[in-house]
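K.L.:
Compute the structure for the input listed below.
(chains A and B)
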Number of protein chains: 2
Amino acid sequence: MNRNFTEDEIRNTLLEMGEKARIAAHRLAIMSTEEKNDCLRSMADALEAESANLKKENEKDLEAGKKSGLSSAMLDRLALTDKVIISMAKGLRDVADLEDPVGRRLGEWIRPNELDIHKVSVPIGVIAIVYESRPNVTVDAAGLCLKAGNAVILRGGKEAINSNIALAHCMNRAALASGLPEGAVQLIPWTDRIAVDLMLKMDKYIDLVIPRGGESLIRAVVENSTIPVIKHYKGICHVYVDSEADINMALKIVENAKCQRPGTCNAAETLLIHKDIAAKFAPKIADVLEKRKVEMRGDSQFRKLVPEAKPASEEDWSTEYLDLIISIMIVPSLDAAIEHINLYGSKHSDAIVTKNQISAKRFLSEVDSAAVYVNASTRFTDGGEFGMGAEIGISTDKLHARGPMGLAELTSYKYIIYGNGQCRE
Amino acid sequence: MNRNFTEDEIRNTLLEMGEKARIAAHRLAIMSTEEKNDCLRSMADALEAESANLKKENEKDLEAGKKSGLSSAMLDRLALTDKVIISMAKGLRDVADLEDPVGRRLGEWIRPNELDIHKVSVPIGVIAIVYESRPNVTVDAAGLCLKAGNAVILRGGKEAINSNIALAHCMNRAALASGLPEGAVQLIPWTDRIAVDLMLKMDKYIDLVIPRGGESLIRAVVENSTIPVIKHYKGICHVYVDSEADINMALKIVENAKCQRPGTCNAAETLLIHKDIAAKFAPKIADVLEKRKVEMRGDSQFRKLVPEAKPASEEDWSTEYLDLIISIMIVPSLDAAIEHINLYGSKHSDAIVTKNQISAKRFLSEVDSAAVYVNASTRFTDGGEFGMGAEIGISTDKLHARGPMGLAELTSYKYIIYGNGQCRE
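P.N.:
I've put the predicted structure just below:
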């Protein structure tokens, strides 16, 4: 797409988009809940009404993807079928039904000098989303950002460019007709690197960047951005089976955490087993994992108990397989388990299985991760499962948002202060 | 100091410091409030007990500063007098007396599947503070970070290097003796640029960077950091005198916001006056400002009313004078005032003076700043004045912390989830 555009032209267009987004954000911030919901519902209606055109544009991406040799799994994720379009539209309507995160009273207090201070949630402003192939992110991200009163600048992957442009146009037309300010939803039409790099310096206009995709995409965003970034690089989640675990519960939790959907960031990658329960537990979990066709990579102690396991290398402890592979270590103590997780983990989601409340408490307080579980699968780290309604992503950062990011995490706050002439002495 | 060190040596030392800080942070996170307070009080005692040595080391910086031609104002800020040392020690004791921000219950809910989710405040982890000349930041920042359970890596300016090293050693000796883990308070002994640039890439070890100083320092940190940064570039604060203002109140608020301490970020830099009150208000405020020796830079309409004002240029509207200078504009409407502030302001602190509640409400909701005031001086944007007890800085960002950053803003949170064997379906 950019063959005919110089870097200056791209830069100028991006700056115009930024300026438009900034102005739109000021208007969005004072829109009522009903006005925002009307826009979201119109967008949903428009996606369904224009599904033929969306599928036609998507077909171009699918054709190009086949030519360039995308795997069938990738083509599958790229396809805008009727089912996908209906599900995106439902997503927007669901977001309309969620509570408005703007205007929450986060605190109120009166100072001795009678200054009356109110801390109130407000939109963040302008949010940029940088993502890879799946076109449904275009719709989901726009819906969540809008509901929280934010203007959004979208930059999807090149595989889905025609689909994304069609989706953004469709949503925009509908939303503008329902009163959304121009510039509230914008898509960057260039998919090459230079457009992202230029955007990532626009801290004058953009308040937050959320990258969604593989580690290299996220790393590139972090290294180039002068705008705050919220992200998660990867999910290296652990299940630790304590010496006092309920063995049947532990078997189920490990199986679920590893196998229920291995390609997700909250799936377990490493199993830690306390030495005192290993002789009993190791053969049983090996049976379960073998039945589920999970490749086991164990340390030397685990392999003494389960000789068919492959040896784990040092890299295995920090590898996110996203696949039916699990690394397994026998640990001498709870302390060793906690230390291992804090060293090799990714601060995402980690679980202990134990009946001992003191061990549970120590694990929950000492493991430095966004979500720490006792006696449950790591797979629950998810906006929907947490009851947030929807999520725009999961953060393994510790600033602003940690864990699933729902609508509340797409807001900031301001201090509103009522005086009667107070001056500082 | 770095003449004898290669870049690799500096890098390796910094990485060791990062690793130490990370380990210390895990221990700090589980220290009790009393343990942390004991450390803070020992640090305060040690500063007072070792004041002779601190003053001796400070004398080296003062000598070097005189030779290099520092202004007397800068030498004044650099000096560790008995009064300054006592005040730093008192600051640490005051922080010990504040409520522990760690372990607050931010939310608790039970899901339909009986997962019991608790959202609890936890330390951020490792915080780096990059600052300029004033050595008291070394003590204030360390105290606040420790109280919130964070390890801190300090990097002060070269003017104060001997003072900072002495302060950090003194605090560290005392705190280690009281049970603080090694690595909880560390000072980078190199003051040249390369050490900062290397540190700003250590996102594996450091969770947050807070730069404190002039705009160019902060800009350099933002451009080079792969670690999240919380900052404020500058404070371009406005007072808007509405057509329905109480004129006497407006005179006092403008005088206070501009003159009470013009070198602070929450001092007013621009006065906006509604056209309908300008004829009455302009001559009166001109009298007040002239008496206080404030240089006025007005737009053409203000200069018609106050001919002795100098003309304001376009740059004046986005200049932080930090001095007895004020830019003044007559605006046609509340809308114009809001638009001006959102365009030229720095999202810091802005005030409206009005008796009209509808205008006040619109200003408070539409001005996109950290603190918005009705009928009070902008000078109140301050951790102490807000009742936070102390502040580590003021944020004009919208992520994580906005406005004054107290102890609560130096924490993150985690989700602690109690299950009874739940697996995801």
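
K.L.:
C-alpha only now, for contacts and for neighbours.
P.N.:
Noted.

K.L.:
Report the next helix or strand after the biggest helix by length in chain A in sequence order.
P.N.:
Taking DSSP state H as the criterion, chain A has its longest helix at helix A:7-28. Using DSSP states H and E, the helix or strand that follows helix A:7-28 in sequence is helix A:33-49.

K.L.:
from the chain's centre, how far out does that following helix sit?
P.N.:
23 Å (C-alpha atoms, centre = their mean, to the nearest Å).

K.L.:
Any residue of the longest helix of chain A touching chain B?
P.N.:
Yes: shown here: helix A:7-28 in contact with chain B (C-alpha under 8 Å from any C-alpha of the partner chain) through residue A:26.

K.L.:
Show me which residues of that helix are buried.
P.N.:
If you call a residue buried by 16 or more other C-alpha atoms under 10 Å in any protein chain shown, then helix A:7-28 has these buried ones: A:10-11, A:14-15, A:17-28.

K.L.:
Between those, which sits nearest chain B?
P.N.:
residue A:26 (7.1 Å; C-alpha to the nearest C-alpha).

K.L.:
Assess the claim that that closest one and residue B:369 are in contact.
P.N.:
No: applying C-alpha atoms under 8 Å as the test, residue A:26 and residue B:369 come out as separate, 11.4 Å apart.

K.L.:
Next, work out how far apart the nearest residue to residue A:298 once chain neighbours are set aside and chain B are.
P.N.:
In space, residue A:298 comes closest to residue A:328 once its chain neighbours are excluded; the distance is 4.5 Å by C-alpha to C-alpha, 6 or more residues apart in numbering or on different chains. Separation of residue A:328 from chain B (C-alpha to the nearest C-alpha, to the nearest Å) stands at 20 Å.

K.L.:
for chain B, what are the nearby residues on the stretch 151-300 of chain A?
P.N.:
Applying C-alpha under 8 Å from any C-alpha, we find that the stretch 151-300 of chain A lies next to chain B at A:207-208, A:222-223, A:225-226, A:228-229, A:249-250, A:252-253, A:256-257, A:260.

K.L.:
Which two of these have the greatest separation?
P.N.:
A:226 and A:249 (46.4 Å; C-alpha to C-alpha).

K.L.:
quick one, which of those two is more surrounded?
P.N.:
More crowded of residue A:226 and residue A:249, by other C-alpha atoms under 10 Å in any protein chain shown: residue A:226, with 27 against 19.

K.L.:
Residue of chain A nearest chain B, please.
P.N.:
residue A:400 (3.6 Å).

K.L.:
which residues does the residue lying closest to that residue once chain neighbours are set aside contact?
P.N.:
Spatial nearest neighbour of residue A:400, chain neighbours left out: residue B:400 (3.6 Å); criterion: C-alpha to C-alpha, 6+ apart. Counting by C-alpha atoms under 8 Å, 6 or more residues apart in numbering or on different chains, residue B:400 makes contact with A:399-401, A:412, B:409.

K.L.:
how long is stretch A:220-235 from one end to the other?
P.N.:
18 Å (C-alpha to C-alpha, to the nearest Å).

K.L.:
Now tell me what touches that stretch from outside.
P.N.:
A:197, A:200-203, A:206-212, A:214-215, A:218-219, A:265-267, A:320, A:345-349, A:393-397, A:399, A:401, B:222-223, B:225-226, B:228-229, B:399.

K.L.:
avg pLDDT for stretch A:360-370?
P.N.:
For stretch A:360-370, the mean per-residue pLDDT is 97.

K.L.:
And for stretch A:297-316?
P.N.:
Stretch A:297-316 carries an average pLDDT of 98.

K.L.:
quick one: buried residues of that stretch?
P.N.:
Buried residues in stretch A:297-316, counted by 16+ other C-alpha under 10 Å: A:297-300, A:302-303, A:305-306, A:309-312, A:316.

K.L.:
Which of the residues you listed fall in strands?
P.N.:
Residues of the buried residues of stretch A:297-316 located in strands (DSSP state E): A:297-298, A:310-311.

K.L.:
These: which two are farthest apart?
P.N.:
A:298 and A:310 (6.1 Å).

K.L.:
what's the offset of stretch A:154-173 from the middle of its chain?
P.N.:
In terms of C-alpha atoms, centre = their mean, the centre of stretch A:154-173 is found 19 Å from the chain centre.

K.L.:
meant to ask about stretch A:364-381
P.N.:
Distance, centroid of stretch A:364-381 to centroid of chain: 17 Å (C-alpha atoms, centre = their mean).

K.L.:
Straight-line length of it, end to end?
P.N.:
Using C-alpha to C-alpha, the end-to-end distance of stretch A:364-381 comes to 15 Å.

K.L.:
all strands for the stretch 251-400 of chain A, in order.
P.N.:
Counting by DSSP state E, counting those that start in this stretch, the stretch 251-400 of chain A has these strands, from start to end: A:268-274, A:295-298, A:310-311, A:325-331, A:349-353, A:371-376, A:393-395.

K.L.:
picking that back up, list only buried entries from the contacts of stretch A:220-235.
P.N.:
When the contacts of stretch A:220-235 are checked for burial by 16+ other C-alpha under 10 Å, the buried set is A:197, A:200, A:202-203, A:206-212, A:218, A:265-267, A:320, A:345-349, A:393-397, A:399, A:401, B:222-223, B:225-226, B:228-229, B:399.

K.L.:
Run through who's touching whichever helix or strand residue A:84 is part of.
P.N.:
Using DSSP H and E, residue A:84 sits within helix A:82-97. Outside helix A:82-97, the residues within contact range by C-alpha under 8 Å, 6+ apart are A:36-38, A:40-41, A:43-45, A:47-48, A:51, A:136, A:139-140, A:143-144, A:147, A:389-390.

K.L.:
List the buried residues in it.
P.N.:
Buried-residue list, helix A:82-97, by 16+ other C-alpha under 10 Å: A:85-86, A:88-96.

K.L.:
how far is it from where the chain is centred?
P.N.:
18 Å.

K.L.:
again, but for stretch A:51-63
P.N.:
So, by C-alpha atoms, centre = their mean, the centroid of stretch A:51-63 is 26 Å from its chain's centroid.

K.L.:
residue ranges for the helices of the stretch 151-300 of chain A, please.
P.N.:
Using DSSP state H, counting those that start in this stretch, the helices found in the stretch 151-300 of chain A span residues A:161-177, A:193-199, A:215-224, A:247-259, A:275-291, A:300-305.

K.L.:
Next secondary structure after the helix holding residue A:84?
P.N.:
Later in the chain than helix A:82-97, the nearest helix or strand by DSSP H and E is strand A:105-110.

K.L.:
other SSEs contacting that next one?
P.N.:
strand A:116-123 (3 or more C-alpha pairs under 8 Å, 6 or more residues apart in numbering or on different chains; DSSP states H and E).

K.L.:
What's the local residue count around residue A:280?
P.N.:
By other C-alpha under 10 Å, neighbour count at residue A:280 equals 12.

K.L.:
Compute the distance between it and residue A:296, please.
P.N.:
Separation of residue A:280 from residue A:296 (C-alpha to C-alpha): 17 Å.

K.L.:
Just give the closest residue to residue A:318, not the sequence neighbours.
P.N.:
residue A:344 (5.3 Å).

K.L.:
mind listing what that neighbour touches?
P.N.:
Contacts of residue A:344 by C-alpha under 8 Å, 6+ apart are A:236, A:317-318.

K.L.:
how about a cut-off of 10 Å?
P.N.:
The contact partners of residue A:344, by C-alpha atoms under 10 Å, 6 or more residues apart in numbering or on different chains, come to A:236-238, A:270, A:315-319.

K.L.:
now swap in residue A:252 and tell me
P.N.:
A:258, A:285, A:288, A:376-377, B:421-423.

K.L.:
filter those to the buried ones?
P.N.:
A:258, A:285, A:376-377, B:421-423.

K.L.:
Would you mind giving those as TSV with distance to residue A:105 and pLDDT added?
P.N.:
Output for the buried ones among the contacts of residue A:252, formatted as TSV (distance: C-alpha to C-alpha, whole Å; pLDDT from 0 to 100):
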residue	distance to residue A:105	pLDDT
A:258	40	98
A:285	49	98
A:376	33	98
A:377	34	98
B:421	36	98
B:422	34	98
B:423	35	98
